[in-house]
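Chemist: Structure here, sequence nowhere to be found:
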């Protein structure tokens, strides 16, 4: 199939006319796997000359990465297509939400978010009653940071004389916030299971949602928070967001510098309480205004338009970079 696609592009006069600059495509995968030699060896040279939209672009515009690793001649980031919030869900204003800050996710990741996720253990150990921090694990073999979280949970509840079984399954997760899973199984590929649906329900009842880096800065958690009307609290200095610059993320999210969170996680999140109610309401409204820009399932979704605007900007950059070079003519008196 990839070979046939490559042959079609090689024979296409439309592709050759612009050297691929006006051809575009999108992918849901990591670009390194998309261009893996065993998968797309024949097609990769053509993709690298065209425009690509990715969940995890790791960059934007023409200056993406070094040429051998670049997934397309120009790449821009697109939002994740799925989130844990039903399109028909009621979006309550901040004043009607009873969870101040929410996070649920694994504490053991690689790469970008390794230190940040492990620092969330401090929130597991010591957070305010109106905060909900519920770590998950992808397997029964717990990583170093998850083990620290379990030790903290066991220590806390042993003092309170409340013995608990911390490793629960999807079947044990109740929709009621009174039954909060402290450490539960969750799969990255199970988009219909209990933990995933529970994530969406709690975000709908939360004022702020923690968006830490995982293996990379890019995460579907951001778009689930937007769908739920939960103000994102971003813990990754380099997160840009899909369809930027069409979407003004800075108008509604709160970005905590990674270094500040690493120094003192408790103080970093408690500082959210100093944001005036009027500003919180303003951010909430700004987030509602852009939901149609990033949510594919939203009524009157503008995601298709934003995708084409991203393609248009990339095309301008590509055509400008491939334009013939002109050299000024010189005379004794100067430039002509």
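Modeler: Received it, and whenever you're ready, just let me know what you need. Model, not experiment: these values are computed from the prediction. Numbering: from 1, shown residues only.
Chemist: Verify the stated contact: residue 235 with residue 211.
Modeler: Yes - counting by CB atoms under 8 Å, residue 211 is a contact partner of residue 235 at 6.5 Å. The way it works is simple: take the backbone N, C-alpha and C, and place the C-beta from them, glycine included.
Chemist: So residue 215 versus residue 114, what's the distance?
Modeler: Distance from residue 215 to residue 114, counting by CB to CB, to the nearest Å: 9 Å.
Chemist: With residue 202 instead?
Modeler: Distance from residue 202 to residue 114, by CB to CB: 25 Å.
Chemist: Neighbour count: these two, which is higher?
Modeler: Per other CB atoms under 10 Å, whichever of residue 202 and residue 114 has more neighbours is residue 202, with 22 against 16.
Chemist: Skip the chain neighbours and tell me the closest residue to that one.
Modeler: In space, and not counting its chain neighbours, residue 202 is closest to residue 102: 5.6 Å by CB to CB, 6 or more residues apart in numbering.
Chemist: Check residue 269 too.
Modeler: Spatial nearest neighbour of residue 269, chain neighbours left out: residue 101 (5.8 Å); criterion: CB to CB, 6+ apart.
Chemist: Name the residues linked to residue 232 by a beta bridge.
Modeler: Beta-bridge pairing for residue 232 (DSSP bridges): residue 209.
Chemist: Poorly predicted segments of the chain, please.
Modeler: 28-40, 54-71, 138-140, 154-195, 322-336 (pLDDT under 70).
Chemist: In it, mark out all the strands, start to finish.
Modeler: Here the chain has its strands, by DSSP state E, at 24-27, 51-54, 74-77, 99-106, 131-137, 167-168, 183-185, 206-212, 231-235, 254-255, 330-331, 334-335.
Chemist: Which secondary structure elements does the longest helix seen in the chain sit against?
Modeler: Selection of the longest helix in the chain by residue count, based on DSSP state H, yields helix 303-322. Packing partners of helix 303-322 (3 or more CB pairs under 8 Å, 6 or more residues apart in numbering; DSSP states H and E): strand 24-27, strand 51-54, strand 74-77, helix 277-294.
Chemist: tilt between that helix and helix 277-294?
Modeler: For helix 303-322 against helix 277-294, the angle by axes from the mean of the first three to the mean of the last three CA atoms, to 10 degrees is 80 degrees.
Chemist: Name the residue closest to the centre of the chain, please.
Modeler: Nearest to the mean C-alpha position of the chain, by CA atoms, centre = their mean, lies residue 219 at 2.3 Å.
Chemist: ok, that residue to residue 241 distance?
Modeler: 10 Å.
Chemist: With residue 284 instead?
Modeler: Distance from residue 284 to residue 241, by CB to CB: 17 Å.
Chemist: Check residue 17 too.
Modeler: For residue 17 relative to residue 241 (CB to CB), the value is 33 Å.
Chemist: Looking at these two, which is more packed in?
Modeler: residue 241 (23 against 10).
Chemist: of all the helices and strands packed on helix 303-322, which lies closest to residue 260?
Modeler: Judged by CB to CB, the one of the helices and strands packed on helix 303-322 that comes nearest to residue 260 is helix 277-294, at 19.1 Å.
Chemist: what's the angle between the closest one and strand 231-235?
Modeler: Using the same axes, to 10 degrees: helix 277-294 against strand 231-235 is 90 degrees.
Chemist: Could you check the angle helix 277-294 makes with strand 206-212?
Modeler: Using the same axes, to 10 degrees: helix 277-294 against strand 206-212 is 60 degrees.
Chemist: who's in contact with helix 277-294?
Modeler: Residues outside helix 277-294 that contact it (CB atoms under 8 Å, 6 or more residues apart in numbering) are 79, 91, 93-95, 207, 223, 226-227, 229, 231, 241-243, 246-248, 251-254, 298-303, 306.
Chemist: wait, isn't residue 146 in contact with residue 105?
Modeler: No - using CB under 8 Å, residue 146 makes no contact with residue 105, being 10.9 Å away.
Chemist: Compare neighbour counts for these two and give me the winner.
Modeler: residue 146 (25 against 22).
Chemist: Excluding sequence neighbours, find me the nearest residue to residue 107.
Modeler: Residue 107 sits nearest to residue 145 (CB to CB, 6+ apart), 3.9 Å away.
Chemist: how near is the one you found to residue 308?
Modeler: Taken as CB to CB, the span from residue 145 to residue 308 is 42 Å.
Chemist: Ok, residue 220 next?
Modeler: 23 Å.
Chemist: count of residues packed around residue 25?
Modeler: For residue 25, using other CB under 10 Å, the count is 15.
Chemist: ok, the closest residue to it other than its chain neighbours - contacts?
Modeler: Counting by CB to CB, 6+ apart, residue 25 lies nearest to residue 52, which is 5.8 Å off, once chain neighbours are set aside. Applying CB under 8 Å, 6+ apart, we find residue 52 in contact with 24-27, 31, 71-72, 74-76.
Chemist: Tell me what residue 52 is bridged to.
Modeler: In beta-bridge terms (that is, DSSP bridges), residue 52 pairs with residue 25, residue 75.
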